[in-house]
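K.L.:
From the sequence below, what's the structure:
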Amino acid sequence: MLGLKYLSQKLYASLSNFIKGEHYQEVDAALSGWFKNETGELIEGFKICPEDVVLDAGCGENPSLHFCAKQGAEVIFADIDAQKVAAMKKMLEGSLARSVTALVSDACSLPLKDVSVSKIIAMEILEHVDDPGALLKELVRVGKPGAQYLITVPDPVVETLQKELAPPVYFEKPNHIRIIGRKEFEQLVVDAGLVVEQHRYYGFYDSICWIFFWVCNQELSPPWHPLLESWTKTWTLLLETQDGPRVKRVLDNFLPKSQAIIARKPNQSS
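P.N.:
Predicted coordinates:
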């Protein structure tokens, strides 16, 4: 399987984009509570307002930034990959964001002032770093009192499955170097000084898509294997049935791709 034998951080990002870009269905995301334009919530319970200062740490090519910019917030994003940062900066040119700040930086040491950010996003990065606790404490440092955090990591159930199916390099640096359990995830967040508001699960479609990817000998560019195309069509047809959304909720909790925590930094008076 060309490329996967030498899976690098750049190739891993391409694989993520394949699943969450071209093949990830907007209706699925909406049913999981994402991108609620009518309320300004990036995900249900995490509202972005024009007065917010939003930080996306380890941004990669996260579509969440586009949503935050559309709400008129000040947007700051950081990644160690200078090409990703440059690409994101270009994509946000001309957006409705109050201002845009691009940082080439390790999320464990951000060039930002203390208590300067009101919304912090850290999606799918804790599983990559040597010390996730230290990274979270850095994010808490820059958060204002009352700041809200959206943090996601892969769910341990599907990660354990992938241990049996994915190439070994998938669980080597700079890719995933740890599997974070559900209770462990909550404890990391609490130990960093945050209060957990929600812990939710989503992405059954993604879980199956990744599993199929490994068995298809799929390259990292089109044409996509018929099995992957067929799975997307099947999932779309399911969601269009009367009971589809309920089935999705059950499956998302049974075999989610990711777990998300929404947390808040206590006010100074707390």
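K.L.:
can you tell me the helix or strand for Thr236?
P.N.:
helix 226-239 (DSSP states H and E).
K.L.:
So in the chain, where's the weakest helix or strand by average pLDDT?
P.N.:
Counting by mean pLDDT, DSSP states H and E, the chain has its least confident helix or strand at helix 9-17, which shows a mean of 50.
K.L.:
mind checking how far the helix holding Thr236 is from the chain centre?
P.N.:
Chain-centre distance of helix 226-239: 22 Å, with C-alpha atoms, centre = their mean, to the nearest Å.
K.L.:
that older thread, which of the residues in the helix or strand following the least confident helix or strand of the chain are buried?
P.N.:
Per DSSP H and E, the first helix or strand lying C-terminal to helix 9-17 is helix 26-31. Neighbour-count burial for helix 26-31 flags Asp28, Ala29, Leu31 (criterion: 16 or more other C-beta atoms under 10 Å). C-beta: built from backbone N, CA, C; applies to glycine.
K.L.:
Also stretch 231-242?
P.N.:
For stretch 231-242, burial by neighbour count (16+ other C-beta under 10 Å) applies to Trp231, Thr232, Trp235, Leu238, Leu239.
K.L.:
okay, the residue nearest in space to the middle of the chain: pLDDT?
P.N.:
In the chain, the residue lying closest to the centroid (C-alpha atoms, centre = their mean) is Met123, at 3.3 Å. Listed pLDDT for Met123 reads 95.
K.L.:
quick check, distance from the strand or helix carrying Arg246 to the centre of its chain.
P.N.:
In the assignment (DSSP H and E), Arg246 maps to helix 244-254. Taking C-alpha atoms, centre = their mean, the mean C-alpha location of helix 244-254 is offset from the chain mean by 20 Å.
K.L.:
elements contacting that helix?
P.N.:
Counting contacts by 3 or more C-beta pairs under 8 Å, 6 or more residues apart in numbering; DSSP states H and E, helix 244-254 packs against helix 26-31, strand 195-202, helix 204-215, helix 226-239.
K.L.:
Check which helices and strands the helix holding Thr236 sits against.
P.N.:
Here helix 226-239 touches helix 26-31, helix 204-215, helix 244-254, going by 3+ C-beta pairs under 8 Å, 6+ apart.
K.L.:
and those helices as CSV, adding mean pLDDT and distance to Phe46?
P.N.:
Formatted as CSV, the helices and strands packed on helix 226-239 follow (pLDDT from 0 to 100; distance: least, C-beta to C-beta, whole Å):
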stretch, mean pLDDT, distance to Phe46
helix 26-31, 85, 14
helix 204-215, 89, 19
helix 244-254, 96, 17
